[in-house]
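A.B. asks: Quick one, what's the 3D model for this:
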Amino acid sequence: MQTISEKIKNKIKNGEQGKFYFIADFSTFGDRKSISRILLQLSKPGFIVRLLRGVYYYPRIDKKLGVLLCSWETVAKEIVKRKNMRLAKTAPYAQNAFGLSTQVPCNVVYLTDGKSRTIYNLKGRRVIRFIHTAPKNFAYKSEFVQLIVFAFDDFGEEYVNEHINSYEFNRVKSTLLTHESKETVLSDLQYAPVWIQKVVKSLYD
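C.D. replies: The predicted structure is shown next:
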């Protein structure tokens, strides 16, 4: 008869590499405290990687590179999937992605329709932050339009109107016209502030 430890290890081995595991995934094998202890033991020889308290990762192994670790962005998406929450990227991310800002966000920060929450790694360093935002921010059909609205709204009406004909903003215009249909853009604009609606519509003139 298999021990709890053997059952847990076999379940992980039979799963795909690159999969995340939470204590709740093994609730049928025993109590939370016992499972937590076993997972911690399995992480010591490197069989699994302990990312956060109660969050483990069965790593992908490359023949040349060895263990391939996951990004904190991937961990964040796995957490919200478990919590049945939605994610949206923040204004600083959008501004950087469109080349409107050279500042690269240092931390993994997402907007969510769930509760605001800060997650720390095992050394006590903040690695992921979820910020609650209004449900209307998830109404966009196009993530591209959503990001433009977030980026513009964060800059503010005066700044956007002053720089709308700059090289950087013209690049946003070109990308918008190339990657999204006018019908989708106009439909999504109903969720944006009125001044942003006017600015984006003017890009089609």
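A.B. asks: so what does the top strand by length along the chain touch, helix or strand wise?
C.D. replies: Once the chain is assigned using DSSP state E, the strand that runs over the most residues is strand 126-132. Packing partners of strand 126-132 (3 or more CB pairs under 8 Å, 6 or more residues apart in numbering; DSSP states H and E): helix 72-83, strand 108-112, strand 117-120. C-beta coordinates here come from the backbone N, C-alpha and C atoms, glycine included.
A.B. asks: Partner strands of it, with direction?
C.D. replies: Strand 126-132 sits in its sheet next to strand 108-112 (parallel), strand 117-120 (antiparallel), going by DSSP bridges.
A.B. asks: Figure out which of those strands is closest to R53.
C.D. replies: Nearest of the strands paired with strand 126-132 to R53, taken as CB to CB: strand 117-120 at 8.8 Å.
A.B. asks: Now the closest one: buried residues?
C.D. replies: I119 (16 or more other CB atoms under 10 Å).
A.B. asks: Please apply the same query to stretch 105-114.
C.D. replies: Of the residues in stretch 105-114, those buried (16+ other CB under 10 Å) are V108, V109, Y110, L111, T112, D113, G114.
A.B. asks: In the residues you listed, find the pair that's most separated.
C.D. replies: V108 and D113 (17.6 Å).
A.B. asks: Could I get the full set of helices for this protein?
C.D. replies: Taking DSSP state H as the test, the helices found in the chain are 4-13, 32-43, 72-83, 91-97, 143-155, 157-163, 167-179, 182-188, 194-202.
A.B. asks: just to revisit the earlier point, among the buried residues of stretch 105-114, which one lies nearest to F22?
C.D. replies: Using CB to CB, the shortest approach to F22 within the buried residues of stretch 105-114 belongs to G114, at 16.1 Å.
A.B. asks: Leaving out sequence neighbours, find the closest residue to that closest one.
C.D. replies: Leaving aside its chain neighbours, G114 sits nearest to M85 (3.6 Å; criterion: CB to CB, 6 or more residues apart in numbering).
A.B. asks: just the buried residues of stretch 105-114 now: which is nearest E16?
C.D. replies: Using CB to CB, V108 comes nearest to E16 of the buried residues of stretch 105-114, at 23.4 Å.
A.B. asks: domain parsing for the protein?
C.D. replies: For the chain, the structural domains run 4-68, 72-202, going by automatic domain parsing.
A.B. asks: Can you lay out those as a markdown table showing mean pLDDT?
C.D. replies: Below are the domains of the chain laid out as a markdown table (pLDDT from 0 to 100):
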| stretch | mean pLDDT |
| --- | --- |
| domain 4-68 | 93 |
| domain 72-202 | 91 |
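A.B. asks: right, so the helices of the chain: which one is the most enclosed?
C.D. replies: Across these, averaging neighbours per residue (mean count of other CB atoms under 10 Å) puts helix 143-155 on top, at a mean of 21.
A.B. asks: Perfect, that will be all.
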